[in-house]
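Colleague: Sequence first, predicted coordinates after that:
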Amino acid sequence: MKSKLLRNFVLFVLLTYVIAPTTLLAEDGYRLWLRYETVKNSMLAQDYKQIVKQVEISKSLDNYDVIKNEISSALTGMLSGQFSLSDTITTKGTLLIGTFDCSKYISQSIDPDIIAECGSEGYLILSTGKSDSKQIIIAANTSRGLLYGTFHFLRLMQTGQSLENLSILQNPRLQKRLLNHWDNLNGSVERGYAGKSIWKWDNLPQNIDPRIKDYARANASIGINGVVLNNVNSQAEILRQDYLAKAVVIADILRPYGIQIYFSVKFTSPKQIGGLDTADPLDPQVIQWWQDKAAEIYKIIPDFGGFLVKAYSEGQPGPQQYGRSHADGANMLAQALAPYNGIVMWRSFVYDLSIDSDRTKCAYLEFVPLDGKFDSNVLIQTKNGPIDFQPREPFSPLFGSMPKTPLMMELQITQEYSGQAQHLVYLAPQWKEVLDSDTYANGPGTKVSSIIDGSAESHSISGIAGVSGIGSDRNWCGHHFSQANWYAFGRLTWAPDLKSDDIAREWIKMTWSDDPKVVDTLSEIMACSWPACIDYMTPLGLHHLMHEGHHYGPQPDYVHPVRHDWSSTYYHKAGKDGIGFNRSSTGTNAVNQYHPPLNTIWDSPEACPNEYLLWFHHLPWSYRMKSGDTLWHQLQTRYNSGVDEVRDMQKMWLSLSGKIDHERFEHVKKRLQLQLENAEIWRDTCLKYFGQFADKSVTN
Ligand code: GCW
């Protein structure tokens, strides 16, 4: 009896403390793409070991510990710890990491022009030396640049690339590369599908979740340099002294990783927490209140980034309440922040239907007349499309129509309208479609990416924001594949010209496995996931058919009792005569907010690409598509192929059985099954609903 008890006790201890943590830690997704798995290819491992034999990191760096810890855990993981690490740069080191000015040896080894080219965030990775004394130098002007260079170097190893003859000089294309958290102060996350807010405001400033550090590492590894901590549907309390004290702690953790913090602010804060009876941006007391608040913030957070504002939109207050314009409001805040180099990101997500009955036209009509009226530290943050993160939208016509104003692009990483954390949908191809779209603003070749990076219109400030899908779930994003969207967002903010498949392959190798079958199969699954989602949800330019409120499943028959533009029927306009929103010159003429030749191409149903057909046109069910098919038949085909594509994704996933760790394999397998069932529901619900009109008018 005694010995049985003892045996059970030993077994319990073993399982709880020895075996369980390692298996739990094994593959639950927590480590994201920073898993630093052992390099299996022995030749490659041998080469790597030679190169990292003697790592030297300059002690003078203000983020020395961050770089040292990352290098050391990465090399321990990938090469079983066979390297030496010192904090002084010498001629003997095999891998030297330091700013250009930290050591004479580094600065003398590099051409001064190249040093200048690295700017404030760029870096150089350079192979030098002869065959018997080879060296790699990672150098930058700033410690932030060096951190990015270090992560780049580690990525080369994580993705199994050669470290011979490296000559890499990189700079980010966009300056402000931000995540926007829609986190509320009570810990909930608006449109968050991965648990609670990771900030845990209630525990701050005393108790700090160690997870925030891992969050910072992940962001730094993909070049993200700013984080808006709280929801754009903001609470004034974020500016209260107690919350500022909490924010200080977060800022302190993120700073060594090159990440600044920002707040979403409520326009009526002076009234709500400041005791004033107005928030009129031209009122001297209001102006003073914001200036004092800025001074208070910068005193405790000297590198504070600035404010994000959702004004006069979806119930949020704004300057319009006081008869003032967006520019009046934004400039007043910008002037409070300017002495400290802070910025204002003023959102253009407005759709006041009294301005125009077509929601897609409103932002343009409100903002384009204000071009040139904003202060130089104001950026207008514009969603990728004119509506709201639908599975597919044409780019917003604001891009290319406000040449005197820097526009930031807002993308949505959290998959509010694309299956949330239940569906596998890799969004990089969606973002690429927008970034690569030609606005024709300065003639052919004026891509959206060249508008937002400031190059097309010579702006000295630029930025991009992604609405985060990160939460307290162990795997951060709910779905293991939603991590890919976080990763891809970061990579594209740095280099919008990267190809989505290259990003996917990089991510797969680091997150899943470098087995070629796994890499090929997963990249195929990811590549077909977004087109599949469009097809089973909203093909041929349809949009906004989702369930009211939670936005998850289909609800094509939804009619909002008060606001037409929150009804699905407002968007698809299906009836006996056909389907689609006529935004052509015979309809609302929204098409004319685009530059020629887009306004003419998209104006004609024959020339308009199928992807945007029902976005711009209302067409009869029997309309003949370019393929000769009727519109109704084509719609059915698309919905069916969306479902088939998910079935293919599922088959591909199952073919990887045994090649993927059990925990993540089962997790994704279950979600793909749900995705298939959901896709069928989308198809069946939409086709049944549309069929009541279409079946009677089309026979083939
Ligand atoms: O997409 C819609 C969301 C809202 C969100 C709003 C916005 C934060 O459904 O939840 O509010 O957009 O972007 O402001």
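Modeller: Sure, I can see it.

Colleague: Those residues of the protein touching the ligand, which are they?
Modeller: Contacts of the chain with the ligand, taken as Cβ under 6 Å from any ligand atom, map to 182, 190, 191, 232, 233, 310, 314, 349, 388, 389, 416. In short, each C-beta sits where N, CA and C put it, glycine included.

Colleague: Any of these buried? List them.
Modeller: Buried members of the residues of the chain next to the ligand, scored by 16 or more other Cβ atoms under 10 Å, are 182, 191, 232, 310, 349, 388, 389, 416.

Colleague: The residue most central in space within the chain bridge partners, please.
Modeller: The chain has residue 466 as the residue nearest its centroid, 3.5 Å off, counting by Cα atoms, centre = their mean. Per DSSP bridges, the residues bridged to residue 466 are residue 179, residue 411.

Colleague: In contact with residue 678, which residues?
Modeller: 419, 422, 423, 553 (Cβ atoms under 8 Å, 6 or more residues apart in numbering).

Colleague: rerun that using 6 Å as the cut-off
Modeller: Under the criterion of Cβ atoms under 6 Å, 6 or more residues apart in numbering, the contact list for residue 678 is empty.

Colleague: Please identify which helix or strand holds the residue of the stretch 351-500 of the chain found nearest the ligand.
Modeller: Closest residue of the stretch 351-500 of the chain to the ligand, Cβ to the nearest ligand atom: residue 388 (4.4 Å). Using DSSP states H and E, residue 388 sits within no helix or strand.

Colleague: would you list the residues of the chain next to the ligand in TSV and tack on pLDDT, distance to residue 259 and secondary structure?
Modeller: Converted to TSV, those look like this (pLDDT from 0 to 100; distance: Cβ to Cβ, whole Å; DSSP: H, G, I helix; E, B strand; the rest coil):
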residue	pLDDT	distance to residue 259	secondary structure
182	98	18	coil
190	98	22	coil
191	98	22	coil
232	98	19	coil
233	98	23	coil
310	98	22	coil
314	94	28	coil
349	97	24	coil
388	98	27	coil
389	98	24	coil
416	98	24	coil
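
Colleague: Tell me the spacing between residue 371 and residue 570.
Modeller: 29 Å (Cβ to Cβ, to the nearest Å).

Colleague: Please apply the same query to residue 263.
Modeller: In terms of Cβ to Cβ, residue 263 sits 34 Å off from residue 570.

Colleague: Please apply the same query to residue 305.
Modeller: 37 Å.

Colleague: which of those two has more neighbours?
Modeller: Neighbours per residue (other Cβ atoms under 10 Å) separate residue 305 from residue 570, with residue 305 holding more: 24 against 19.

Colleague: Check the contact between the more buried one and residue 264; I expect there is one.
Modeller: No: applying Cβ atoms under 6 Å, one finds residue 305 not in contact with residue 264, separated by 11.7 Å.

Colleague: Okay, helices next: where are they in the stretch 601-700 of the chain?
Modeller: 613-616, 631-654, 662-697 (DSSP state H, counting those that start in this stretch).

Colleague: highest average neighbour count across those helices?
Modeller: Across the helices of the stretch 601-700 of the chain, averaging neighbours per residue (mean count of other Cβ atoms under 10 Å) puts helix 613-616 on top, at a mean of 26.

Colleague: Let's see it as CSV, backbone CA atoms only.
Modeller: Taking Å, rounded to 0.1, in the frame of the first residue of the first chain, the C-alpha atoms of helix 613-616 are listed here in CSV:
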residue,chain,number,x,y,z
LEU,A,613,-18.3,43.8,-60.1
LEU,A,614,-21.1,44.0,-57.6
TRP,A,615,-19.3,46.6,-55.6
PHE,A,616,-19.8,49.0,-58.4
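
Colleague: what comes into contact with it?
Modeller: Contacts of helix 613-616 (Cβ under 6 Å, 6+ apart): 540, 541, 542, 580, 583, 584, 591, 602, 608.

Colleague: where exactly do the strands run in the stretch 1-150 of the chain?
Modeller: 54-57, 84-86, 95-99, 123-128, 135-140 (DSSP state E, counting those that start in this stretch).

Colleague: now those strands as TSV including mean neighbour count and distance to residue 557?
Modeller: Formatted as TSV, the strands of the stretch 1-150 of the chain follow (neighbours: other Cβ atoms under 10 Å; distance: least, Cβ to Cβ, whole Å):
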stretch	mean neighbour count	distance to residue 557
strand 54-57	22	62
strand 84-86	13	64
strand 95-99	26	60
strand 123-128	21	55
strand 135-140	24	57
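
Colleague: how near is residue 648 to the ligand?
Modeller: Counting by Cβ to the nearest ligand atom, to the nearest Å, the separation of residue 648 from the ligand is 30 Å.

Colleague: swap that for residue 96, sorry
Modeller: As judged by Cβ to the nearest ligand atom, residue 96 and the ligand stand 45 Å apart.

Colleague: So that residue sits against residue 57, correct?
Modeller: No: the criterion here is Cβ under 6 Å, and residue 96 misses it with residue 57 at 8.2 Å.

Colleague: show me where the stretch 301-450 of the chain has helices.
Modeller: 326-337, 359-367, 428-435, 448-452.

Colleague: thinking again about what came up before, nearest to residue 239 among the contacts of helix 613-616?
Modeller: In terms of Cβ to Cβ, no member of those lies closer to residue 239 than residue 583, at 40.2 Å.

Colleague: what about that closest one, how many neighbours?
Modeller: As a measure of burial, residue 583 has 26 neighbours, counting by other Cβ under 10 Å.

Colleague: Please apply the same query to residue 369.
Modeller: That count, for residue 369 with other Cβ under 10 Å as the rule, works out to 12.

Colleague: likewise the one 5 residues further on?
Modeller: Using other Cβ under 10 Å, the number of residues around residue 374 comes to 22.

Colleague: How much space separates it from residue 332?
Modeller: From residue 374 to residue 332 the distance is 11 Å (Cβ to Cβ).

Colleague: still on that earlier bit, spit out the contact partners of the residue of the stretch 351-500 of the chain closest to the ligand.
Modeller: Taking Cβ under 6 Å, 6+ apart as the definition, residue 388 has no contacts.

Colleague: now the one 3 residues further on
Modeller: For residue 391, the residues meeting the contact criterion (Cβ under 6 Å, 6+ apart) are 418, 533, 534, 537, 538.

Colleague: my read: the second one touches residue 425, true?
Modeller: Yes: at 4.7 Å, residue 533 and residue 425 qualify as touching, with contact defined as Cβ under 6 Å.

Colleague: can you tell me which residues contact residue 478?
Modeller: Neighbours of residue 478 in contact, by Cβ under 6 Å, 6+ apart: 193, 194, 421.
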